[in-house]
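Participant: Need coordinates for the following:
(one chain, ligands or ions: 1)
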Amino acid sequence: MTRITLVLGDITAEKADAVVNAANSSLLGGGGVDGAIHRRGGPEILAACEDLRRSHYGKGLPTGRAVATTAGRLAAGHVIHTVGPVWSRDEDRSALLASCYRESLRIADELGARTVAFPAISTGIYGWPMDDGARIAVETVRGARTDVEEVRFVLFDDAAYQAFADRVRAAQH
Ligand code: AR6
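Facilitator: Numbers count the residues shown, from 1 in each chain. Sure, this is the predicted structure:
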């Protein structure tokens, strides 16, 4: 079974086989985790994303999907870019958020990755409430069929860490 671990910190510093980027469908960068990964990883990541846009995703990577590139200068082996849903009060988009975790793990399996670091997808600029984002993240990873041995959630602040810790604890009972 996949082990879940929690870390308080900056995902761009993680030494995992793959780190997941909370990207947008353009794959061409943005703020939050995305901006930080491109800044620290260097131009090689953007060049790989531009190639993917040209070769496969002319209209952009759809929400809920994931794709891998080089990790450039990051300590990680690969970056897996996934597009989270923007939170909506009127529409339940949880299936799309769950899909981000599941698809990222499927790509990680294709890469042969054993350790994968995730941020709390959609819980920043895309506005997803942290408690619910943590619930979907933990439930989806626990339910996933994958050869990944360790999923490390890298949380940026105490509130995010606490939300994930509560979910992991709840899942153990
Ligand atoms: N390491 C770990 N977590 C981080 C880091 C970091 N370096 N920086 C922020 N977080 P966000 P989203 C947390 O906004 O909501 C971009 O412009 C942050 O506190 O990065 O999926 C993309 O291009 C929050 O809890 O991603 C898209 O347009 C979580 O990571 C859009 O933002 C996710 O916040 C995606 O929005």
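Participant: What helix or strand is the residue most central in space within the chain located in?
Facilitator: In the chain, the residue lying closest to the centroid (C-alpha atoms, centre = their mean) is Val20, at 3.7 Å. Assigned by DSSP states H and E, Val20 belongs to strand 18-23.
Participant: Is stretch 157-168 in proximity to the ligand?
Facilitator: Yes - for stretch 157-168, a contact with the ligand is found by C-beta under 6 Å from any ligand atom, at Ala160. C-beta: built from backbone N, CA, C; applies to glycine.
Participant: which residues make contact with that stretch from outside it?
Facilitator: 4, 6, 8, 120, 123, 130-131, 133-135, 137-139, 153, 155 (C-beta atoms under 8 Å, 6 or more residues apart in numbering).
Participant: Within reach of the ligand, which of those residues are there?
Facilitator: Ala120, Thr123.
Participant: So which of the contacts of stretch 157-168 sit within helices?
Facilitator: Met130, Asp131, Gly133, Ala134, Arg135, Ala137, Val138, Glu139 (DSSP state H).
Participant: gap between the spatially closest residue to the third one that is not a sequence neighbour and Leu155?
Facilitator: Nearest residue to Gly133, sequence neighbours excluded (C-beta to C-beta, 6 or more residues apart in numbering): Thr123, at 4.2 Å. Between Thr123 and Leu155 the distance, using C-beta to C-beta, to the nearest Å, works out to 9 Å.
Participant: Show me which of those two is the more surrounded one.
Facilitator: Using other C-beta atoms under 10 Å, the more surrounded residue of Thr123 and Leu155 is Thr123, with 27 against 24.
Participant: three-state assignment of Ser147?
Facilitator: Check again: residue 147 is Asp, not Ser. State at Asp147, reduced to three classes by DSSP: H, G, I helix; E, B strand; the rest coil: coil.
Participant: Leaving aside the residues adjacent along the chain, what's closest to Arg3?
Facilitator: Closest to Arg3 by C-beta to C-beta, 6+ apart is Glu150, at 4.8 Å.
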